[in-house]
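1. Need a 3D model of the following:
(2 chains)
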Number of protein chains: 2
Amino acid sequence: MNNMVLKGDIAFTPTKDIMEIHKNSYIIIEEGKVVDICNQLDNSYKGYLLKDFTGKIIIPGFVDLHLHAPQYPNMGLGLDKELIPWLDTYTFPEEGKYDDLDYARKVFSKLIKDLWRFGTTRSVVFSSIHKESTKLLMNMFIASGLGAYVGKVNMDRNTAEELMENTKKSIEDTEEILKECCESDLVKPIVTPRFAPTCSEEMLSKLGELAIKYDVPVQSHLSENTSEVIWVKELFPNSKNYASVYDEFNLLGKTKTIMAHCVYNTDEEIDLMGRNKVYAAHCPYSNYNLSSGIMPVRKYLDKGVPVGLASDISGGNSLSIMDIIGGTIQASKMKWLESNKELQPLTFNEGFFLGTKGGGSFFGEVGSFEKGYDFDALIIDDSSLIGLNELSIEERLQKIIYTGDDRNIIERYVKGIKIEEPFTS
Amino acid sequence: MNNMVLKGDIAFTPTKDIMEIHKNSYIIIEEGKVVDICNQLDNSYKGYLLKDFTGKIIIPGFVDLHLHAPQYPNMGLGLDKELIPWLDTYTFPEEGKYDDLDYARKVFSKLIKDLWRFGTTRSVVFSSIHKESTKLLMNMFIASGLGAYVGKVNMDRNTAEELMENTKKSIEDTEEILKECCESDLVKPIVTPRFAPTCSEEMLSKLGELAIKYDVPVQSHLSENTSEVIWVKELFPNSKNYASVYDEFNLLGKTKTIMAHCVYNTDEEIDLMGRNKVYAAHCPYSNYNLSSGIMPVRKYLDKGVPVGLASDISGGNSLSIMDIIGGTIQASKMKWLESNKELQPLTFNEGFFLGTKGGGSFFGEVGSFEKGYDFDALIIDDSSLIGLNELSIEERLQKIIYTGDDRNIIERYVKGIKIEEPFTS
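-> Numbering: from 1, shown residues only, chains lettered A, B, ... in the order given. All right, here's what the predicted structure looks like:
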């Protein structure tokens, strides 16, 4: 029946402006979902498994809206380069290796283990162009118990020779995955044109059709870098702007959609994303590392665009959403200065929200502990971080995010199931 | 005699543009100093203690040019505020506690333990206004074996009541420390006016005299935040600019000097720092957290100003110079964009240099493995970070800085002495 009660200091952000805190309370889980939070345990929950985490903090699991699994071996490498030369020198050669399933298994097991370690309970992932390694990645996520959307990458132009796909074959491979890999409740396929410059119009058009036909979500990249924006303008001279290229091919919100980066969108493009309820995946470290710029997150929030956070491995150099929440708040402060103090910095609360419910909502009722939400949770032992002064639970959370690391996460849950370290044998 | 040989992959930056790498080599230490690096071990070193770190990387210890010891309990707290309200709400109340030596001992032992953990072998530290806790901090550094300059803070205006000093008493207390605490080779006093706005002209003048009389270095804050710069202009209407306030009182390079932050200095002020060989301590995370801005490090390097890195606890949220090297490179990329691509981003090499020899040179021949340099070193085990692909030593270093943490540091040395974890009992 998977019913249980966890006791501890419970904290979550039902909205970006509210931190709900229940000190020394009980959270009741039935069938993997939150049914209540209370100060005293009712008799009706007497038969439930009780886990006592008194003194520990219970928070929602972290959500990573954008990362590239096959780039994991390159994390931290070659960051003296900008986007396009970095892709050519580091990324494409690495992504070319994933027709080797043994190599893929080695990389993916390290990646999934580390996602587990850093408390990322759900993620949205680019695989490579390779069908079989994409299926392998999905099966490995299923085996781990963590949630994920996983996309086979499509690209049929402007890339390294070994990664250049035949358009027809690329679409067939994609369709095979959409048909075959739809059994899991937690791990699902997602249509993944790499980005407009590496996809022909035919490719984009067919992918839009597939997304609608199988009612699956879409992910891609949008307006990461100024040279890229100019390049797209040259490649698609008849489109109004970069975002509308995707829109014209039914890849911008016809089904649930994530666009990574969104540093250089115009107001018109942001409005379009807002109308179409397209998610922006904010990747602050990647945008620093590749000298891209800072996404004006405040503007997206003000315009009603859903926003979540992302590691963007390996443009980003950290898998830890804890780090990335801190980096997001820091980046927003630099954007505030850059915008002549127009775009207000993100608060701690907003950063925490973006790293949990902000991205979690892409998966449904995920990333919060409101009634009916999936119980995706982390148990945090912050005893190594505190003890010099009396702190409120909110201050302890600040310390965890700004100064803690994976060592402070002692248990992870997805849909009420405790997730053990994967692939240990 | 303290003579020894360490074997491993040796890496250091004699200049900001050169990474010297000796694969599988021997570094020879006599009397705590580097005397040679060689591929094959000469017979003349046969009697030396040989430590075999084959497969590990040996790098210089990290140097932190600016942090506030008594603020350590606040690390990660209250970062939704800007500099001045943050000082009033968090910093000053915390710093008021350090007349309590038991409390001070508790905080300082945690801080020094963590400096050790993160591989910071030398640091330049603000204490509080309290004489006794400043002496305690110096003695605790001596007991740890780590190197430090430690300064009793002086302030006699514009601060919280409990931190407001009587000018005469403040100078007497400072002079007592300068006289008494000069025995250690590794831990030394430094004259520490908090910053111009909290010091009367009389205070600044007397501190300049003390620095010269005892030939001790000076540290303070300079041009961190725009409101602060305006405030200084109001307080010192006759001074040409902020830097010249210190200069007029013999506090800007008459003896070795560090100025923290330097975000908003004019070209004229930077030139003055260059002429006076005044160090700029770059605190990227602090400058993000308190919405201060990004220091144009490239400009300082171009103008010949010595630059080192700093955590600025607790404006900064990480003690790790590894993190701060990464953050420094990232910040320089945003500065590149901000400067219309005029100020070139820092390279990995430059970041590594700033975190080792850049700051280390403030201590003398520290932060490099050139002949005659103090053997301050870290032994790095990066096996948890690599293994998916063959990497060069330089690529391994990139992975260590961008993705590693304290768990990768397995031994620390200062002047040839292995430093064990302090205050464990």
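2. I'd assumed residue A:215 was in contact with residue A:191.
-> No: counting by C-beta atoms under 8 Å, residue A:191 does not reach residue A:215; the two are 10.6 Å apart. Every C-beta, even on glycine, is put in place using the N, C-alpha and C of the backbone.
3. so what sits against both of the two?
-> Common neighbours of residue A:191 and residue A:215 (criterion: C-beta atoms under 8 Å, 6 or more residues apart in numbering or on different chains): residue A:255.
4. who has more neighbours, the two?
-> Neighbours were counted for residue A:191 and for residue A:215 using other C-beta atoms under 10 Å in any protein chain shown; residue A:191 has more, 28 against 10.
5. Now that one. Its backbone dihedrals?
-> With angles defined as degrees, to the nearest 10, residue A:191 sits at phi -70, psi 130.
6. In contact with it, which residues?
-> A:151, A:154, A:174, A:178, A:207, A:210-211, A:216-219, A:251, A:255.
7. What's opposite it in the beta bridge?
-> residue A:218 (DSSP bridges).
8. try residue A:67
-> Where residue A:67 sits in a bridge, its partners, by DSSP bridges, are residue A:125.
9. quick one: it from chain B, how far?
-> Counting by C-beta to the nearest C-beta, to the nearest Å, the gap from residue A:67 to chain B is 14 Å.
10. cool, and residue A:180?
-> Residue A:180 sits 28 Å away from chain B, going by C-beta to the nearest C-beta.
11. so what pLDDT did that residue get?
-> The confidence metric pLDDT takes the value 94 at residue A:180.
12. isn't it right up against residue A:135?
-> Yes: with contact defined as C-beta under 8 Å, residue A:180 reaches residue A:135; the gap is 7.4 Å.
13. more neighbours, these two?
-> Remark: of residue A:180 and residue A:135, residue A:135 carries more neighbours, 20 against 12, as counted by other C-beta under 10 Å.
14. and stretch A:361-381, average pLDDT?
-> On average, the pLDDT along stretch A:361-381 is 98.
15. now the end-to-end length of that stretch.
-> Stretch A:361-381 has an end-to-end distance of 26 Å (C-alpha to C-alpha, to the nearest Å).
16. what about the helices in the stretch 1-150 of chain A?
-> All helices of the stretch 1-150 of chain A, identified by DSSP state H, counting those that start in this stretch, fall at A:83-86, A:92-95, A:101-117, A:131-144.
17. Report the backbone C-alpha coordinates of the first one in CSV.
-> The C-alpha coordinates for helix A:83-86 follow below in CSV (Å, rounded to 0.1, in the frame of the first residue of the first chain):
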residue,chain,number,x,y,z
LEU,A,83,29.4,27.8,-27.5
ILE,A,84,30.1,27.0,-31.1
PRO,A,85,33.9,26.1,-30.9
TRP,A,86,33.2,24.3,-27.6
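18. Which elements pack onto that helix?
-> Secondary-structure packing of helix A:83-86 (3 or more C-beta pairs under 8 Å, 6 or more residues apart in numbering or on different chains; DSSP states H and E): helix A:226-235.
19. which residues are in contact with the helix it packs on?
-> Against helix A:226-235 from outside (C-beta under 8 Å, 6+ apart): A:82-84, A:195-197, A:223, A:239, A:242, A:245, A:264, A:293.
20. Also stretch A:15-28?
-> Looking at what lies outside stretch A:15-28 - C-beta under 8 Å, 6+ apart - the contacts are A:3-14, A:34-41, A:45, A:48, A:54, A:58, A:301, A:347, A:349-350, A:352-354, A:358, A:369, A:375, A:393-394, A:397.
21. cool, and stretch A:89-104?
-> Contacts for stretch A:89-104 (C-beta under 8 Å, 6+ apart): A:68, A:70-71, A:73-74, A:77-78, A:81, A:127-130, A:132-133, A:136-137, A:153, A:159-160, A:162-163, A:314, B:389.
22. mind running it again at 7 Å?
-> Residues outside stretch A:89-104 that contact it (C-beta atoms under 7 Å, 6 or more residues apart in numbering or on different chains) are A:70-71, A:73-74, A:77-78, A:81, A:128, A:130, A:132-133, A:136, A:159-160, A:162-163.
23. Return the member of those residues nearest to chain B.
-> Proximity of those to chain B was ranked by C-beta to the nearest C-beta; the top entry is residue A:73 with 3.9 Å.
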